[in-house]
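Asks: Model the following, please.
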Amino acid sequence: MTSSAERYRRYARQCLEMAPNFQDKGARAALPGFARGWSRLAHVAVVDRHIAELRVEIARQRAVVKHAVDTGQRSEMAEPLLDALEASLRIFERHRIFLLVVANHSAMRRRVTP
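Replies: Sure thing, here's the model as predicted:
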């Protein structure tokens with residue numbers, strides 16, 4: 001089973017491979033832009049996967065910390081680990097927003113440019 005990111009990368013490659021075969025100059029010129037769009041989507045899919053994995057790991061670590069606290073065990077290392085995981089999650093979420101803003105900006109610029 002292929003991931004969304006792999007599928008999007010394949011679409012990007014296909015756009016670039018097909019471009020030289022088009023007689024219509026407009027279509028030929030548009031395909032590299034489509035390839036960039038598919039590449040961005042692939043990157044967003046990877047970031048989405050990392051975000052989902054981090055959320056699962058944070059939930060798992062919180063359960064471990066809760067169990068440690070509930071059973072009276074020491075947990076000095078737990079809070080720094082949770083803080084690091086949550087910081088990583090925030091970085092990935094900001095990166096995802098950045099990718100979406102850049103993609104939207106590029107799409108808007110293409111619409112305005114004659």
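Asks: now for the helix or strand hosting residue 49, which elements pack on it?
Replies: Assigned by DSSP states H and E, residue 49 belongs to helix 25-70. If contacts are counted by 3 or more CB pairs under 8 Å, 6 or more residues apart in numbering; DSSP states H and E, helix 25-70 sits against helix 4-18, helix 78-112. All C-beta spots, glycine's among them, are computed from the backbone N, C-alpha and C.
Asks: Compare those helices and report which one is nearest to residue 26.
Replies: Closest to residue 26 of these, according to CB to CB: helix 78-112, at 12.4 Å.
Asks: Report all helices and strands that that closest one contacts.
Replies: Helix 78-112 packs on helix 25-70, going by 3+ CB pairs under 8 Å, 6+ apart.
Asks: centre of the chain versus the helix it packs on, how much separation?
Replies: Centre-to-centre, helix 25-70 and its host chain are 3 Å apart (CA atoms, centre = their mean, to the nearest Å).
Asks: what pLDDT, on average, does it get?
Replies: For helix 25-70, mean pLDDT rounds to 87.
Asks: same check, this time on stretch 77-85
Replies: 79.
Asks: Return that stretch as CSV; C-alpha atoms alone will do.
Replies: Extracted in CSV, the C-alpha atoms of stretch 77-85 (Å, rounded to 0.1, in the frame of the first residue of the first chain):
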residue,chain,number,x,y,z
MET,A,77,12.3,13.0,33.4
ALA,A,78,8.7,12.8,32.4
GLU,A,79,7.9,16.5,32.2
PRO,A,80,10.9,17.5,30.1
LEU,A,81,10.1,14.6,27.7
LEU,A,82,6.5,15.8,27.4
ASP,A,83,7.6,19.4,26.9
ALA,A,84,10.0,18.3,24.1
LEU,A,85,7.3,16.2,22.4
